[in-house]
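Participant: based on what follows, work out the 3D shape:
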Amino acid sequence: MTVSRVLNNSPRVSDTTRKKVLSVIKQLKYNPLDNMPLARKLKTRTIGLVFQDAGNITDPYFSRAIRAVKEQTEKAGRKFSIYSENEILGLINRQHEENLTSHCDGLIVFSPAPGWEAYINEIMKKRMPCIVIRGFSGFSGVTTITDSDEKGITLAVGHLFGLGHRRIGLVKINQPCLHGRERGFEEFLRIHGYEYDPALACNWHPEGSATWINTLIQDNRLPTAIACYSDEVAIGMIKVLAAFGKKVPDDIAVTGYNDDHTASFAMPPLTTVHIPVEKMCTHAAQMLVAHLDRETGWEPMAIQMENSLVVRESSGGSINQDDSK
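Facilitator: Below you'll find the model as predicted:
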């Protein structure tokens, strides 16, 4: 009875007794839900969607994930909640009633931070069904749904190459999880007989990128095309180029990455690599719902989905080969 009162945060238990009971619970790794029937364990009918940071929900890239998961959970008569990774870690570490399993029945972790394997492993210890989307790792203990950044960037660079561009710049975002895009860029150039020139690449920053462009113009080395790590960066680069009197695509071609809703409304509309966020999240939600409804088993698997190229105005048309050198 005392343990039950502690777990239910009853005021009838003294602080001294509460601390002793919680200490023993922690030592024994006792989970009261382990002794509950399945119907009581899955009482929340809620699927959690986890982002690196709760502030990400306003980003167009992450809002696509929210819409897709929300649509599928509503169709299944379930609810969904949004969590940051820190919130999930906090719930994992709680020993009383308000722990992770009292908040949701399963988790979809979207585009996690580097090192995500550690806390996913803790989730698995709680026997919480979990699917990781765009978590690039060799971790095999959880179901993952990914695309390939290496292949994705080659769609954009290959398109520019096909238009005649040979001096192609790269504007990056300094995030370890996106390094595959630089690897893909380098590999494409190598296969086609060109060396990767670090001077034609920079990490995105409004002022720093403007300095980079100015240096390239002064050295008469301005690329004929620039591939960017995201649509947001591409739109920023178009503004930077405009400040130097360079029009896109007349003077220089620009491509983005993600295909967020901002891409089609940019001036000019962006040619961009489409990440199938909606398809990934829809599939993840359907898998999770089916498992929770006991229509399917649960064995970890790795699912690969393909990116595609959406061609719009920012990449322009074919150029003279002499102009591209």
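Participant: give me the low-pLDDT residue ranges for the protein?
Facilitator: Counting by pLDDT under 70, the low-confidence segments of the chain come to 1-13, 18, 20-43, 95-98, 137-139, 295-297, 320-325.
Participant: care to break it down by domain?
Facilitator: Structural domains annotated on the chain: 1-30, 36-147+279-294, 149-274+309-324, as defined by automatic domain parsing.
Participant: can you list those domains in JSON lines and add mean neighbour count and distance to residue 303?
Facilitator: The way it works is simple: take the backbone N, C-alpha and C, and place the C-beta from them, glycine included. Formatted as JSON lines, the domains of the chain follow (neighbours: other C-beta atoms under 10 Å; distance: least, C-beta to C-beta, whole Å):
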{"stretch": "domain 1-30", "mean neighbour count": "12", "distance to residue 303": "32"}
{"stretch": "domain 36-147+279-294", "mean neighbour count": "18", "distance to residue 303": "5"}
{"stretch": "domain 149-274+309-324", "mean neighbour count": "18", "distance to residue 303": "15"}
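Participant: nearest to residue 302, out of these?
Facilitator: Shortest separation from residue 302 across the domains of the chain is recorded for domain 36-147+279-294, at 5.2 Å, computed as C-beta to C-beta.
Participant: just to revisit the earlier point, reformat the domains of the chain as TSV; add distance to residue 301.
Facilitator: Listed next are the domains of the chain as TSV, based on distance: least, C-beta to C-beta, whole Å:
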stretch	distance to residue 301
domain 1-30	28
domain 36-147+279-294	5
domain 149-274+309-324	20
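Participant: and the contacts of stretch 307-324?
Facilitator: Counting by C-beta atoms under 8 Å, 6 or more residues apart in numbering, stretch 307-324 makes contact with 147-148, 151-152, 155-156, 159-160, 163-167, 224-225, 234, 238, 248-250, 253-256, 259, 263-264, 266, 268-276, all of which sit outside it.
Participant: for the residue nearest to the spatial centre of the chain, what are its contacts?
Facilitator: Geometric centre of the chain, nearest residue: residue 111, 2.6 Å, by C-alpha atoms, centre = their mean. With contact taken as C-beta under 8 Å, 6+ apart, residue 111 is in contact with 51, 52, 61, 62, 65, 133, 134, 135, 177.
Participant: now, these that are in strands?
Facilitator: 51, 133 (DSSP state E).
Participant: closest to residue 287 out of the contacts of residue 111?
Facilitator: residue 133 (11.1 Å).
Participant: these two touch, right, the closest one and residue 278?
Facilitator: No - taking contact to mean C-beta atoms under 8 Å, the distance of 11.2 Å between residue 133 and residue 278 leaves them out of contact.
Participant: CA atoms of stretch 229-244 as PDB?
Facilitator: Provided in PDB are the C-alpha atoms of stretch 229-244 (Å, rounded to 0.1, in the frame of the first residue of the first chain):
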ATOM      1  CA  TYR A 229      22.100  22.800 -48.100                       C
ATOM      2  CA  SER A 230      18.500  24.100 -47.600                       C
ATOM      3  CA  ASP A 231      15.800  26.200 -49.200                       C
ATOM      4  CA  GLU A 232      16.200  28.800 -46.500                       C
ATOM      5  CA  VAL A 233      19.900  29.100 -47.300                       C
ATOM      6  CA  ALA A 234      19.200  29.300 -51.000                       C
ATOM      7  CA  ILE A 235      16.800  32.100 -50.500                       C
ATOM      8  CA  GLY A 236      19.300  33.900 -48.300                       C
ATOM      9  CA  MET A 237      22.000  33.400 -51.000                       C
ATOM     10  CA  ILE A 238      19.700  34.900 -53.700                       C
ATOM     11  CA  LYS A 239      19.400  38.000 -51.500                       C
ATOM     12  CA  VAL A 240      23.200  38.200 -51.000                       C
ATOM     13  CA  LEU A 241      23.800  37.800 -54.800                       C
ATOM     14  CA  ALA A 242      21.200  40.500 -55.500                       C
ATOM     15  CA  ALA A 243      23.200  42.900 -53.200                       C
ATOM     16  CA  PHE A 244      26.100  42.500 -55.600                       C
END
